[in-house]
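Novice: build me a structure from this.
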Amino acid sequence: RGLMKHYKSGEELAKDMGVEPKVVAATFAEYNDIAAKMENAPPEGAGEYDAYPTGKSHDKWGKKFFHNLPLDMNDQFHVSIVTP
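Specialist: Numbers count the residues shown, from 1 in each chain. As a prediction, the model looks like this:
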């Protein structure tokens, strides 16, 4: 169907995105840090940002639940673009 594209590594993903691998690595590190903070948060969440649908989060987009971590540049990725 062609909905998703496979990348053998974060470096390959970065190349296709047109950014330096260090940018993707920094984004992964930030995401992993936020996920670690949220792992020990109470059920209603914690942090300075409003979370969806309720509570608080350390994630500026309001995400409270994080799965399949940590993100690592050596992982393989299946990526798709989602638009409204």
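Novice: keeping just the C-alphas, turn stretch 44-55 into PDB.
Specialist: The C-alpha coordinates for stretch 44-55 follow below in PDB (Å, rounded to 0.1, in the frame of the first residue of the first chain):
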ATOM      1  CA  GLU A  44      -3.300  12.700  36.800                       C
ATOM      2  CA  GLY A  45       0.100  13.500  35.300                       C
ATOM      3  CA  ALA A  46       2.800  16.100  36.200                       C
ATOM      4  CA  GLY A  47       4.500  19.000  34.500                       C
ATOM      5  CA  GLU A  48       3.900  22.500  33.300                       C
ATOM      6  CA  TYR A  49       1.800  21.700  30.200                       C
ATOM      7  CA  ASP A  50      -1.900  20.700  29.900                       C
ATOM      8  CA  ALA A  51      -2.300  17.100  28.900                       C
ATOM      9  CA  TYR A  52      -4.900  15.400  26.800                       C
ATOM     10  CA  PRO A  53      -7.600  14.800  27.800                       C
ATOM     11  CA  THR A  54      -6.900  16.000  31.300                       C
ATOM     12  CA  GLY A  55      -4.100  16.500  33.800                       C
END
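Novice: what residues of it count as buried?
Specialist: 45, 47, 49, 51, 55 (16 or more other C-beta atoms under 10 Å). Every C-beta, even on glycine, is put in place using the N, C-alpha and C of the backbone.
Novice: from those residues, which single one is nearest residue 1?
Specialist: residue 51 (32.9 Å; C-beta to C-beta).
Novice: tell me the contacts of the closest one?
Specialist: 45, 57, 59, 62-64 (C-beta atoms under 8 Å, 6 or more residues apart in numbering).
Novice: can you do 6 Å?
Specialist: Contacts of residue 51 were listed using C-beta atoms under 6 Å, 6 or more residues apart in numbering, and they are 45, 57, 62, 64.
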